[in-house]
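# Following is a predicted model, sequence given first.
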Amino acid sequence: MSFTGKATYDAGASLPELVDDVSDLVGLISPFDTPLLDAIGSPRYSAKSTRHEWFEDQLNPNFSAVNNGAGYDDVATSWVVDDGSVFRVGDIIRPEGSDEVLQVTGISTNTLTVTRGYGGSTAEAVVDNQKVSVIGHAALEGEDAAAANYRARVRKENFSQIFTETVTISGSMDAVGLHAVEREFDYQVIQRLRELMRSLEQTVICGFKAAANPQGSASVRRTMGGLLQFITGSVDDAGAAALDEALLNASLRNVWEKGGRPTAIVCNGFQKRKISSFIQSSRRYEPESAALRNVVDVYESDFGVQRVILSRWVPADKILLLDLDKLQVMPLQGRSFFVKPLAESGDFRKAQLIGEYTLEILNGGDGGHGVITNLATS
């Protein structure tokens, strides 16, 4: 028998093929990666209620700003500031950008009485909104204790959101292997779980809790707030400008000056290419190397080292500057993703995939994290 190139079970058009001749792999193109969830890692504990609460605290501030449209000349000894509670009698203070040192000798609400040119420093004029910082407090020997000064802790909250998908497979389909899939039910469970994880990451980034009835009800769906809703303390509008190092570092500095320590830069593909282009001016070619590398995965700035995380789910015109140690994506206790078999009323197998999660973000409104928004995307 001569070689025809056909398998022996193939009889051509008169008889059907004995099996489907398909590969033992299934091609999957839809993205399901969750790089931000992977970077945040497993939570330290579970949420105990559908309304998850935490407390945030901060140290007493040690600066305010001049609050006088005309500013003050180099002899004025009575200054109005934005917040007089920052200061105490005996404080040694310095205006930003000035070499003059002053001493606070009296306080009336937001009005400071000051000694100019303290210690022989040269008195200088100040302008409206000029920052005034406390260098340190000088107490009198033997004086009574001052009144206690502290900030009340602030209660923050987020709500858990239910993520669910359903799998239904006929008895016949569940019994046979089809198209390189040995067990169709297990395959569909894995696919739906990938979709749920993708949805969870998208919600962690872009989710919004409702303004009214956020706790939900039998008729109101409960949703959780995401990073873009919670981060309000350090938001920089790029004004449709293209991302460059100066803009990125200015935003990192803004977070740092508010006390934050960003450890991750999270962005979409377009902005990731912008960050990688920062190295083009200093890129060198090594004659013995066959590989050209033009990528930035770790960015070492003046304000720390940030891991650059590429996420499909960050809006193209935004970049997140995150302190990963202050983030948790946590399940409601006993409600991490699981498969719940459902009652069968016929020749089929049915199950529901369920998970209930919330986001805890510390100091999102106080500058612990940052967002650059309104960046150019073309």
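Nice, thanks for sending it over. Numbers count the residues shown, from 1 in each chain.

# Against which helices or strands is the lowest-mean-pLDDT helix or strand in the chain packed?
Within the chain, confidence by mean pLDDT, DSSP states H and E is lowest for helix 171-175 among all helices and strands, at a mean of 81. Applying 3 or more Cβ pairs under 8 Å, 6 or more residues apart in numbering; DSSP states H and E, one finds that helix 171-175 makes contact with helix 184-206, strand 348-361. In short, each C-beta sits where N, CA and C put it, glycine included.

# Using CSV, lay out those together with mean pLDDT, distance to residue 114 and mean neighbour count.
CSV is the format used below for those (pLDDT from 0 to 100; distance: least, Cβ to Cβ, whole Å; neighbours: other Cβ atoms under 10 Å):
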stretch, mean pLDDT, distance to residue 114, mean neighbour count
helix 184-206, 90, 47, 19
strand 348-361, 92, 40, 21
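
# helix/strand/coil for residue 129?
The three-state assignment at residue 129 reads coil, by DSSP: H, G, I helix; E, B strand; the rest coil.

# Could you look up the SS state of the residue nearest to it when sequence neighbours are not counted?
Spatially, and ignoring its direct neighbours in sequence, residue 129 is nearest to residue 65 (5.1 Å; Cβ to Cβ, 6 or more residues apart in numbering). Judged by three-state DSSP, the three-state class of residue 65 is strand.

# and the residue nearest to residue 66 when sequence neighbours are not counted, what is it in contact with?
Of all residues not flanking residue 66 in the chain, residue 130 sits nearest, at 4.7 Å (Cβ to Cβ, 6+ apart). Residue 130 makes contact with 65, 66, 71, 95, 96, 97, 98, according to Cβ atoms under 8 Å, 6 or more residues apart in numbering.

# Just the buried residues out of those, in PyMOL syntax.
Remark: buried members of the contacts of residue 130, expressed as a PyMOL selection using 16 or more other Cβ atoms under 10 Å:
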select buried, resi 65+66+95+98
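
# Quick one: the helices in this structure, in order.
With DSSP state H as the criterion, the chain has helices at 35-40, 171-175, 184-206, 227-230, 245-257, 269-276.

# Which among the ones you listed is found nearest to residue 323?
helix 245-257 (8.3 Å; Cβ to Cβ).

# Contacts made by the closest one with the rest, please.
Helix 245-257 is contacted by residues 234, 236, 238, 241, 262, 265, 275, 278, 299, 301-304, 306, 319, 321, 367-370, 372 when judged by Cβ under 8 Å, 6+ apart.

# Select only the buried ones of the residues you listed in PyMOL?
Listed next is the PyMOL selection for buried residues among the contacts of helix 245-257, using 16+ other Cβ under 10 Å:
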select buried, resi 234+236+238+262+265+275+299+303+306+319+321+367+368+369+370+372
